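>>> next input, structure requested:
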Amino acid sequence: MWSTLKRLLRPTPPITWVACADLAGRAGGTPPAVVDIRGPDEFDGPLGHIAGALNVPVDTIMDGTADLAALRSREVVLVCRTDKRSARAADSLAASGFTRVSVLRGGMEQWNALGLPVARGS
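The predicted structure follows:
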């Protein structure tokens with residue numbers, strides 16, 4: 001109980017945003033882990049997803065059942081349809097100790113509007 005209370009009282013850092021063009025243009029170094037938090041139907045749906053993205057539905061992040069321990073030391077970029085769910089999930093991850101989390105501004109709608117490449121299907 002004490003650890004839960006400490007986590008709830010710990011201030012969360014402000015959300016860090018990343019522009020679609022900036023994410024698409026990253027080359028060299030270790031790429032961020034792109035975590036698409038939409039459900040499987042959206043992930044494989046009309047907007048597609050960013051190639052190499054992990055599909056981890058937002059519900060599993062918010063309730064703490066997502067197994068993201070392997071990503072704790074990496075930069076993580078959260079993606080959804082717009083950026084609303086990703087922003088909430090970023091707060092949740094920050095509260096649970098993730099320090100390098102950002103949100104893709106505009107989500108997959110913006111990614112598609114810019115004509116950036118998408119993957120379809122699983």
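>>> do you know the pLDDT at the nearest residue to residue 38 once chain neighbours are set aside?
Leaving aside its sequence neighbours, residue 38 sits nearest to residue 80 (C-beta to C-beta, 6 or more residues apart in numbering; 5.4 Å). C-beta coordinates here come from the backbone N, C-alpha and C atoms, glycine included. What the model reports as pLDDT for residue 80 is 98.
>>> cool, residue 22 as well?
Per-residue pLDDT puts residue 22 at 94.
>>> distance of it from residue 61?
Using C-beta to C-beta, to the nearest Å, residue 22 is found at 23 Å from residue 61.
>>> neighbour count: those two, which is higher?
For residue 22 versus residue 61, neighbours defined as other C-beta atoms under 10 Å are more numerous around residue 61 (22 against 13).
>>> so that one belongs to a helix, correct?
Yes - with DSSP: H, G, I helix; E, B strand; the rest coil as the criterion, residue 61 is located in a helix.
>>> about what we covered before: the residue nearest to residue 38: neighbour count?
23.
>>> repeat that for the one 3 residues further on.
Residue 83 is surrounded by 21 other residues when neighbours are defined as other C-beta under 10 Å.
>>> all strands for the protein, in order.
For the chain, the strands defined by DSSP state E cover 16-18, 33-36, 54-55, 76-79, 101-104.
>>> what pairs with the third one, and is each one parallel or antiparallel?
Applying DSSP bridges, strand 54-55 is found paired with strand 33-36 (parallel).
>>> ditto for the fourth one
Using DSSP bridges, the neighbouring strands of strand 76-79 in the sheet come out as strand 33-36 (parallel), strand 101-104 (parallel).
>>> what sits against the residue sitting nearest the centre point of the chain?
When C-alpha atoms, centre = their mean is applied to the chain, the residue found nearest the centroid is residue 78 (1.2 Å). Shown in contact with residue 78 (C-beta atoms under 8 Å, 6 or more residues apart in numbering): 35, 37, 86, 89, 90, 93, 101, 102, 103, 104.
>>> so what's residue 3 scoring on pLDDT?
Taking residue 3 on its own, its pLDDT is 55.
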